[in-house]
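Peer 1: Coordinates for the following, if possible.
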Amino acid sequence: MRALLEIELDTPTGNQAINDGSMAEGIKQSLAQLQPEAAYFLARNGHRTMIVVVDVQDEASLPSLVEPFWLQANAKVDLHICMNADELLEGLGRLSS
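Peer 2: The predicted structure is shown next:
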């Protein structure tokens, strides 16, 4: 199933990663592990934020997706199951059945 992850980094932890040069490598590792369909980086609520769309195999996959961000980046993580337009239209079609 497709999920949208919103990862909002803790500012002091992010500042330390910028200052010690580990931010870029951390992002590369995260993207390699997540293999996102899409990834965006922005400022949100005054914090460094990464928004990624990923494929979640099953519910048991969730800890391996989110725990590293909590443990290593002291991040706030929100996860939303989402769908593309074709999936939405299919779902809407099921309403009338």
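
Peer 1: Run through this structure and note the low-pLDDT ranges.
Peer 2: Counting by pLDDT under 70, the chain shows low-confidence ranges at 97.

Peer 1: which residues touch the strand ranked longest in it?
Peer 2: Among the segments of the chain that qualify as a strand by DSSP state E, the longest is strand 47-55. Outside strand 47-55, the residues that touch it by CB atoms under 8 Å, 6 or more residues apart in numbering are 1-11, 14, 27, 30-31, 34-43, 65, 76, 82. In short, each C-beta sits where N, CA and C put it, glycine included.

Peer 1: centre of the chain versus it, how much separation?
Peer 2: 4 Å (CA atoms, centre = their mean, to the nearest Å).

Peer 1: CA atoms only for that strand - export them in PDB, please.
Peer 2: Only the C-alpha atoms of strand 47-55 are listed here, as PDB (Å, rounded to 0.1, in the frame of the first residue of the first chain):
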ATOM      1  CA  HIS A  47      11.600  22.800  10.900                       C
ATOM      2  CA  ARG A  48      13.500  20.900   8.200                       C
ATOM      3  CA  THR A  49      11.000  18.500   6.700                       C
ATOM      4  CA  MET A  50      11.100  15.600   4.300                       C
ATOM      5  CA  ILE A  51       7.900  14.300   2.700                       C
ATOM      6  CA  VAL A  52       8.200  10.900   0.900                       C
ATOM      7  CA  VAL A  53       5.800   8.600  -0.800                       C
ATOM      8  CA  VAL A  54       6.700   5.000  -0.100                       C
ATOM      9  CA  ASP A  55       5.300   1.500  -0.700                       C
END
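
Peer 1: Packing partners of the helix or strand following it?
Peer 2: Next helix or strand after strand 47-55 toward the C-terminus (DSSP states H and E): helix 62-73. Counting contacts by 3 or more CB pairs under 8 Å, 6 or more residues apart in numbering; DSSP states H and E, helix 62-73 is packed against strand 2-8, helix 11-19, helix 23-34, strand 76-81.

Peer 1: which of those is buried the deepest?
Peer 2: Highest mean neighbour count among the helices and strands packed on helix 62-73 (mean count of other CB atoms under 10 Å): strand 2-8, with a mean of 19.

Peer 1: That strand pairs with which strands, parallel or anti?
Peer 2: strand 47-55 (antiparallel), strand 76-81 (antiparallel) (DSSP bridges).
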